[in-house]
Structure formats: C-alpha cells, structure tokens
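Asks: After the sequence you'll find the predicted model.
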Amino acid sequence: MSKAQEVRHLFENLTKNMSHWTEMRYHNKHSRVFGVRKAVPSEMSSKRYEGVGIRVLYNGTFGFASTSDLTEMGIKEALLKAEQMAMALDHRKKHKVHLPSTNRLAAGDFIMSEYDQLEHKSGKEKFDFVQESEERLRKHSANVDGALCQYSEVFEEKVILTTDGANSLIKLVRPELRFMAFGSNGARRTVGYDSVGGTGGWDCLFLNRSSEQFIERAVEGAVNLLGAKPGDGGRKKVILSPSMVGLLSHEAIGHTVEADFVNSGSVAAGKIGEMVASSLVTLCDSGQSEHTSGAGGTLPVDDEGILTERTVIIENGKLVSYLHNRESAAQYNVAPTGNARAWEFSDEPLIRMRNTYIEPQSDDLDEMVRGIEDGYFIDGPEGGQADATGEFMFGANRVRKINKGKLGDFVQNLTVSGNAFEVLKSVDAVSKDFKWDLGSGHCGKGQPAKVDAGGPYLRCELLVGGSQK
C-alpha cells in the first residue's frame, strides 16, 4: 500500500463520526530542475514536500491547521488544532460560511498515465537534452554569445476527503522547458526566449513546436532585435498571438472575475448579464485541456474535492459567470466551479484560475492581416501589470509591423495597454487557430499556482507604446 493510500484509509477512519464538516488533504509534491548556462551546469536540484492540511467548519467559521507528521497521532493533533482555531475565531466571524450540498464532489482515482512515464525517464536523459539544447542555442548564430536552457518537473499526488462525500486520489505531473539566447553585435545586447509548460508526459512539451523550433524562435528573437528599429506608438489596430491573448485573458480579465476579487470590488462586480466584450468573444476557464491536450493548468479535481469543469465566463460578449470556490458559490447561489486551489499542504485553498482562454472562431489569419492598413502583429509576452479595474500594461518582444495588409520587419520591444474589457469590445476578427501558450512560470496570488492560457489570434485595437509620431 502506498503512503497516499495509507493516509486515505486513515482519513476515512478519522472522519467516520465527525459532528462538523471537515476537509482533509494529503499532498506529496516532488520536483527536479536541470539547467545549463554558457556550457556550464547552472542548476541541478531536487525538492520534496509532503504533509496534510485540514480545514474544519464550526458554526460557520473555518479553522485550518497543517502538519508534516503523517502518523495517526500527528494527523489527530492537526485536526484538534483546526477545530480549536475554528472555535477561537467563531465570535469574530461576521458573515458565517454555509456550504450547501453539491453533486460535484469527486470520488475515485484520477491518475494521469504520463505520471509514471515521465518519472521513469532517467535524469540523465533529461539533463542530456538540456545540455545539447543549450549548445545548439549557443552555436546557432554568430550573433549569439551565450545561452541558457532549463528543464523542470513537478510530480503531485493528492488525497482529498470531505465529510460530505469527496474522496479522491489525484496524480499528475507538470514538466516545463525554457530556452534563452543572448545576442550581441558589439554595440547592443539582446535576449530572445521561448518556453513551454504543460500537464502530461515529455511529449506534451512539443505539441506546438519541436525542440528545433523552440531554439530557432529564441535565437531569432535575440538576433532580430539587434537590428530592429523603434516602433511608432499610439492607438493601433493589432493582431494578438495566442500567447498574448492568453496573457490578456488571464491577467486582465480572469483575476477580475475571481469571486473573492469581485467581493472586494473588482470592475466585474455587478456586471453579470451585461455586454462586456464583442459578440465574437467567448472566454472560458477550464480544469480540462480544451481543444488540444497538454495545457499546464489541467486539474481533474480542485483542492476542495470538487470536480472541475469548463466554466464560461463571457459568452458571445456577455458576462455570465464568476469563478467560485464552495463558499463563494453559496454566497451567489450558484454551483461551485472547481476553482479552489492550494500550492502546498500548508496552504489554504484560494480561488484560482486553471486554463483560461478565448474560444476560436472561423476567421483566417492571413485575411486578418490583410485587413490592417497600419498596425502590428504582437507576440512574445513579457512581464507587465493589471489591476482590479481591468487596466493593463504588458510588454512584448516579438513584434512585427503590419503595413497595407502585409507583415513587415520586426521592431524593438513594445508595450501594449488599455482596459481589457474595452479591448475585447474592439475585437472584429477571431481566428480558427488555437494554442495553449502560457503554461511556463507561475501565477501569483498570495501563493503560486500552475496555470495556462491561450486562444486564437485576435484582431483588436489598443494603445501601443513606442516612439510617438
């Protein structure tokens, strides 16, 4: 019997006669990272976290405790602490929590077949790939004077049990690759990169691009920027790539519709039923990998034991749903959407996105380009910021000029900004293509989370930051 099965059996015994709602979550996470920079191993690490998190609902108040002591005594002590915490906070809780019954409680085993496949692929094979890729990056062009390649993987095993019926075992794995090329021509230095993160085995990393294409994109990004001229700024008609669409969907829209942010006064508050985007736009968040496999935020069961689903947030331009955990779903008198997630066993679940995207439509990308007289094709998302008002500013480092319906030269890194809902209202074409393309890295909201985002190509209007005419 595995450790997870032992803990599951112990959970079942401990909760047989509980007088109040209790949630027990076992989480075993182990990760490895291999990195090579400028022909030298830069990182080789392995970490493991294992423990139990327990929530108790007493008289409408949650109490939480966690432990890495997986003995029966250790778990009983954590359960007692959670109960004591709920009782201690009871008189301070103004709005009592109510968890109505739901038919979405998960029972059974949810085991990803690729878990064992990737675990059995040797560390040497993975490191050799990283080392060879870094060498190919470094030697791909005379204008590249350094490179970095990094591979990481996170294996997760969970048991989630609640006294009202959830009882599930989940096993999944999330691998990730990063490629960076450092360009130089003596007068200027640049960085080009590409990355991918997924949920699944080794092959899920190469669904959109081959290893050679990752290398080419990273090198071309660095080399093209060496000779790129500044772009002209202003309000422009643009085409956003699937990765930029994903960034907009996640950062500038997705966070505003998380129910806890809505309760705090985000721009989406009170707008259910209103038109907030073009009728061409349907925006969703799903625990599954829709349209194509391997999305990095794939999750069969959330950390409250709720089966995940495809949640339509914006349907044909109309805001129709927020993202919920069990508590917020009760507040809004709707079903939970399976968006409660915790990073470690010692974290309480928060409302988080999974795979956020815009649905593809029927437009042809070439025709979309031909419809722009003066604008940009924008790809290569970089960091930026967005807030609860929907206002955003993002960087982009793979940007090409569009002039009289034709793709032109690359320009220097640009910023794009605006109000996300106003940008979505300006959408006049949505391509039939679809990609998950934002699965590397983490989303932050008090604690990290693995997510993904993507979509089709969008034609819209926004403010581009460049050299003003």
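Replies: In hand now; what should we look at?

Asks: From here on, just use CA atoms for contacts and neighbour counts.
Replies: Will do.

Asks: would you list every one of the strands in the stretch 51-200 of the chain?
Replies: Using DSSP state E, counting those that start in this stretch, the strands found in the stretch 51-200 of the chain span residues 61-67, 107-111, 144-162, 167-184, 189-197.

Asks: now the ones you listed as TSV including distance to residue 310?
Replies: TSV is the format used below for these (distance: least, Cα to Cα, whole Å):
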stretch	distance to residue 310
strand 61-67	28
strand 107-111	17
strand 144-162	21
strand 167-184	19
strand 189-197	20
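
Asks: out of these, which comes closest to residue 398?
Replies: With Cα to Cα as the criterion, residue 398 lies closest to strand 189-197 of the strands of the stretch 51-200 of the chain, at 8.8 Å.

Asks: Serialize the strands of the stretch 51-200 of the chain to CSV and add fields for mean neighbour count and distance to residue 235.
Replies: Converted to CSV, these look like this (neighbours: other Cα atoms under 10 Å; distance: least, Cα to Cα, whole Å):
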stretch, mean neighbour count, distance to residue 235
strand 61-67, 23, 49
strand 107-111, 14, 48
strand 144-162, 23, 34
strand 167-184, 24, 30
strand 189-197, 22, 26
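
Asks: closest one to residue 45 among the ones you listed?
Replies: Closest to residue 45 of the strands of the stretch 51-200 of the chain, according to Cα to Cα: strand 144-162, at 9.4 Å.

Asks: what about that closest one, average pLDDT?
Replies: Averaging pLDDT along strand 144-162 gives 97.

Asks: helices and strands around that strand, which ones?
Replies: Contact partners of strand 144-162 among helices and strands, from 3 or more Cα pairs under 8 Å, 6 or more residues apart in numbering; DSSP states H and E: helix 3-14, strand 22-37, helix 123-139, strand 167-184, helix 211-226.

Asks: from those, which stretch is densest packed?
Replies: strand 167-184 (a mean of 24; mean count of other Cα atoms under 10 Å).

Asks: May I have the strands that pair with that one, each with its orientation?
Replies: With DSSP bridges as the test, strand 167-184 is paired with strand 107-111 (parallel), strand 144-162 (antiparallel), strand 189-197 (antiparallel).

Asks: returning to that earlier point: list just the one of the helices and strands packed on strand 144-162 that sits closest to residue 198.
Replies: Taking Cα to Cα, strand 167-184 is the member of those nearest to residue 198, at 5.5 Å.

Asks: The closest residue to residue 248 other than its chain neighbours - how many residues pack around it?
Replies: Take residue 248 and drop its neighbours on the chain: the residue closest to it by Cα to Cα, 6 or more residues apart in numbering is residue 420, 7.0 Å away. Neighbour count of residue 420, defined by other Cα atoms under 10 Å: 23.

Asks: Correct me if wrong: residue 420 contacts residue 253.
Replies: Yes. Here residue 420 reaches residue 253: they are 6.5 Å apart, a contact under Cα atoms under 8 Å.

Asks: Could you name every residue contacting both of the two?
Replies: Contact criterion Cα atoms under 8 Å, 6 or more residues apart in numbering; residues shared by residue 420 and residue 253: residue 390.

Asks: And residue 375, how close does it get to residue 463?
Replies: Per Cα to Cα, to the nearest Å, residue 375 is found 11 Å from residue 463.

Asks: which ones are touching the residue nearest to residue 248?
Replies: Contact partners of residue 420, counting by Cα under 8 Å, 6+ apart, are 248, 252-253, 390-392.

Asks: before we move on, what about residue 62?
Replies: 55-56, 85-86, 97 are the contacts of residue 62 under Cα under 8 Å, 6+ apart.

Asks: Keep only those of the residues you listed that are in helices.
Replies: Among the contacts of residue 62, the ones falling in helices (DSSP state H) are 85-86.

Asks: Save the contacts of residue 62 as CSV, and put in neighbour count too.
Replies: What follows is those, written out as CSV (neighbours: other Cα atoms under 10 Å):
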residue, neighbour count
55, 27
56, 27
85, 20
86, 22
97, 18
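
Asks: Pick out the most distant pair among the contacts of residue 62.
Replies: 85 and 97 (15.0 Å).

Asks: ok so, going back, so of the contacts of residue 420, which ones are in strands?
Replies: 391-392 (DSSP state E).

Asks: now, which of the contacts of residue 420 sits nearest residue 105?
Replies: Of all the contacts of residue 420, residue 105 sits closest to residue 253, with 27.6 Å by Cα to Cα.

Asks: can you pull the contacts of the closest one?
Replies: Counting by Cα under 8 Å, 6+ apart, residue 253 makes contact with 390, 420-421.

Asks: ok, now with 10 Å
Replies: 246-247, 267-268, 283, 313-314, 356, 386-392, 419-421, 424 (Cα atoms under 10 Å, 6 or more residues apart in numbering).

Asks: And residue 89, by the same measure?
Replies: Residue 89 makes contact with 58, 61-63, according to Cα under 10 Å, 6+ apart.

Asks: swap in residue 69?
Replies: Counting by Cα under 10 Å, 6+ apart, residue 69 touches 50-52, 75-78.

Asks: between those residues, which has the most around it?
Replies: residue 52 (27 neighbours).

Asks: now the helices and strands packed on strand 144-162 in JSON lines, with distance to residue 239 and mean pLDDT?
Replies: Converted to JSON lines, the helices and strands packed on strand 144-162 look like this (distance: least, Cα to Cα, whole Å; pLDDT from 0 to 100):
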{"stretch": "helix 3-14", "distance to residue 239": "47", "mean pLDDT": "96"}
{"stretch": "strand 22-37", "distance to residue 239": "34", "mean pLDDT": "98"}
{"stretch": "helix 123-139", "distance to residue 239": "28", "mean pLDDT": "97"}
{"stretch": "strand 167-184", "distance to residue 239": "25", "mean pLDDT": "97"}
{"stretch": "helix 211-226", "distance to residue 239": "18", "mean pLDDT": "96"}
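
Asks: Many thanks, we can stop here.
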